[in-house]
Every structure is written in structure tokens, then in C-alpha cells.
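> pasting the structure only:
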């Protein structure tokens, strides 16, 4: 009778561990889908508008503007920078490189 009572105690504990770990591990993908669709504001810059130039008082002479670095005209954005939910920029997956031995 001693082994029977031991088995009846082990089976529910083992079943709890197996079901609990299955629940936790299967929830990882579900949690990723929920958290992956959050809006972190990384695409807000695309809706930015050009501001009006700063107007100085008429009686003040502005200092000459000397740019430190050249800023090229980039033109219009043709990249698609949205994920499935359209709210977050995602980097492309890196490409695999294979090195060959040189002789």
C-alpha cells in the first residue's frame, strides 16, 4: 500500500509541473504578439511638418550662419518602415555570410 500512496502523490505533482510548463512555454508566442503590436512612437517622425522660420526682431543683426556639416537633400521617403501592426520600425534580418578558406 505504501507505493500506491506514493504514486497517487507524485502523479498530481508531475501533472501540475507538465501542464504548468506547457502553459508557460506556449504563452511566450502569444505574449510576443501582444507586446509586439505596441506603439512606441518610432514612426511619429514621418508625420512631422516643416516649421515656420524664426523671425528675429527688426533692430537686431543676426550672426552669420556657417554650417559645420553639409546636409544633402534626401528627397521623398520610399521605404516601408512599418511592421504588421503598422506602429513600429523593425530592422531587417541580417544576411548570412559564408567565408571560404583562401589558399
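Yes, it's here. Keep in mind that what you see is a predicted model, and the values were worked out from it rather than measured. Numbering: from 1, shown residues only.

> tell me the helices in this protein, going along the chain?
Per DSSP state H, the chain carries helices over the ranges 2-35.

> show me the shaky parts of it.
Along the chain, the parts satisfying pLDDT under 70 run over 1-3, 25-40, 80-90, 102-103.

> the same query, at a cut-off of 80, please.
For the chain, residues meeting the criterion pLDDT under 80 lie at 1-7, 21-43, 56, 62, 74-92, 98-103.

> tell me, how many residues neighbour residue 73?
4 (other C-beta atoms under 10 Å). Every C-beta, even on glycine, is put in place using the N, C-alpha and C of the backbone.

> same question, residue 42
Neighbour tally, residue 42, other C-beta under 10 Å: 14.

> so how far is residue 64 from it?
Distance, residue 42 to residue 64, by C-beta to C-beta, to the nearest Å: 37 Å.

> ok, now residue 41?
Taking C-beta to C-beta, one finds residue 41 at 37 Å from residue 64.

> this completes my enquiry, with thanks.
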